[in-house]
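> Requesting a structural model of the entry that follows:
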Amino acid sequence: MQENLSGSQFDPRNYKSESEFYDEHKKSIILWFLLPIVIFVISLILYVAGIVEFVAHETVYHFRHLEIQGNTEATWLSLRKSFIIVKSITACFYLGLFIWMITSLSVASKSKSLSRFSFLLLIIVDIVSIISIINFAMNFIYWIPYLGWTTNILGFTSTIIYFAFFVLWTIKTKGYIRKSKQILFFLRMKEENPMFDQFFGSSNGFSFQTENAKSEEQEDTVILADKNEKVENNSTTIDFKQKLQDLNDDQLKTLASKLNIYGYEELNRKELIEKIAVVFKENSDNKPKDDQDNKGEK
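The predicted structure follows:
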């Protein structure tokens with residue numbers, strides 16, 4: 001089974017486990033996890049080198065300058081010390097992220113389950129990257145002196161390389177994690193809800209990659225998509241909701257279309273998840289009753 005992972009041919013239904021997906025794409029997975037991490041380390045090294053160079057330069061300059069001017073610039077010197085402290089703390093934080101990346105990658109690789117890669121780490125990297133982008137813009141107008149590069153080319157180069165890391169991390173690394181989670185989602189839903197497999201089993205020829213899919217008119221009972229309808233909040237429904245979170249908006253709409261949920265196009269993501277979860281829950285509740293009736297007939 002050789003699928004083009006980056007193309008539209010990827011189908012999570014074709015895998016019986018996450019480990020099968022991992023084994024099939026092992027070389028690519030290792031490459032696209034380690035390459036961004038290596039780039040991240042290069043960025044971190046340049047960042048630390050920039051701090052060292054800045055400290056050395058400022059120390060020599062200020063000792064000579066203060067010998068001549070006296071203590072008239074003590075406040076300015078204190079500001080530069082604060083600058084160095086903030087930069088040092090930031091470097092320690094990046095080092096912690098690197099260690100966390102390696103640890104989380106080791107856990108995911110050992111279990112052959114990319115869905116076990118730390119979700120919290122992914123969120124933190126996104127937040128840090130957004131801050132870096134804002135910092136990049138601010139450095140041209142020097143709004144925040146603690147975050148500035150001054151004339152340090154090492155800090156500037158470090159930021160540019162970090163952007164390269166973030167692009168690869170977002171497009172490649174997180175792409176593998178998303179696909180692994182989709183496989184896990186299908187496996188769990190198939191196991192816990194036969195109705196899901198009935199609609200989306202690999203044997204029915206349906207593809208999640210088809211956009212704007214429209215269901216044919218059926219005589220089956222439709223589900224009215226009343227936005228004001230209150231959905232029963234129990235543990236089973238919540239469990240379905242958590243699993244549905246792994247699907248993107250297009251996949252949720254396609255799923256709603258297949259389930260014949262009327263007016264799904266007007267619903268937001270949260271409402272779609274609630275509606276679909278209700279359908280699966282009702283199917284799960286009805287299944288034990290049907291099994292019991294069948295046993296009674298025998």
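> Sketch out the strands for the stretch 151-298 of the chain, chain order is fine.
223-224, 261-262 (DSSP state E, counting those that start in this stretch).
> Could you pull out the buried residues of stretch 20-37?
For stretch 20-37, a neighbour-count test (16 or more other Cβ atoms under 10 Å) marks 21-22, 24-25, 29, 32-33, 35-37 as buried. C-beta coordinates here come from the backbone N, C-alpha and C atoms, glycine included.
> got it, and stretch 255-274?
Buried-residue list, stretch 255-274, by 16+ other Cβ under 10 Å: 255-261, 264, 267, 271-274.
> Alpha carbons of that stretch, in CSV - could you do that?
Only the C-alpha atoms of stretch 255-274 are listed here, as CSV (Å, rounded to 0.1, in the frame of the first residue of the first chain):
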residue,chain,number,x,y,z
LEU,A,255,-20.0,13.5,7.3
ALA,A,256,-23.1,15.6,8.1
SER,A,257,-24.1,15.3,4.5
LYS,A,258,-23.8,11.5,4.5
LEU,A,259,-25.9,11.4,7.7
ASN,A,260,-28.6,13.4,6.0
ILE,A,261,-28.5,16.3,8.6
TYR,A,262,-30.7,19.0,7.1
GLY,A,263,-29.2,22.5,7.0
TYR,A,264,-25.7,21.4,8.0
GLU,A,265,-24.1,24.1,5.7
GLU,A,266,-25.5,26.8,8.0
LEU,A,267,-24.1,25.3,11.2
ASN,A,268,-20.8,26.3,12.7
ARG,A,269,-18.1,23.7,13.7
LYS,A,270,-19.4,23.3,17.3
GLU,A,271,-23.0,22.8,16.2
LEU,A,272,-21.9,20.3,13.5
ILE,A,273,-20.0,18.2,16.0
GLU,A,274,-23.0,18.2,18.4
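> what residues are up against residue 245?
residue 273 (Cβ atoms under 8 Å, 6 or more residues apart in numbering).
> Helices of this structure, start to end?
18-24, 26-69, 74-111, 119-138, 153-168, 174-192, 194-200, 235-244, 249-258, 269-297 (DSSP state H).
> got a markdown table for the ones you listed, with mean pLDDT too?
Below are the helices of the chain laid out as a markdown table (pLDDT from 0 to 100):
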| stretch | mean pLDDT |
| --- | --- |
| helix 18-24 | 92 |
| helix 26-69 | 81 |
| helix 74-111 | 86 |
| helix 119-138 | 87 |
| helix 153-168 | 86 |
| helix 174-192 | 85 |
| helix 194-200 | 58 |
| helix 235-244 | 60 |
| helix 249-258 | 79 |
| helix 269-297 | 67 |
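> want to throw the ones you listed into a markdown table with distance to residue 10?
Shown next, in a markdown table, are the helices of the chain (distance: least, Cβ to Cβ, whole Å):
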| stretch | distance to residue 10 |
| --- | --- |
| helix 18-24 | 10 |
| helix 26-69 | 13 |
| helix 74-111 | 19 |
| helix 119-138 | 20 |
| helix 153-168 | 19 |
| helix 174-192 | 6 |
| helix 194-200 | 15 |
| helix 235-244 | 19 |
| helix 249-258 | 12 |
| helix 269-297 | 22 |
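> Those: which one's closest to residue 9?
For residue 9, the closest of the helices of the chain is helix 174-192, at 11.7 Å, according to Cβ to Cβ.
> packing partners for the closest one?
helix 18-24, helix 26-69, helix 194-200, helix 235-244 (3 or more Cβ pairs under 8 Å, 6 or more residues apart in numbering; DSSP states H and E).
> can you do 7 Å?
With contacts taken as 3 or more Cβ pairs under 7 Å, 6 or more residues apart in numbering; DSSP states H and E, helix 174-192 sits against helix 18-24, helix 194-200, helix 235-244.
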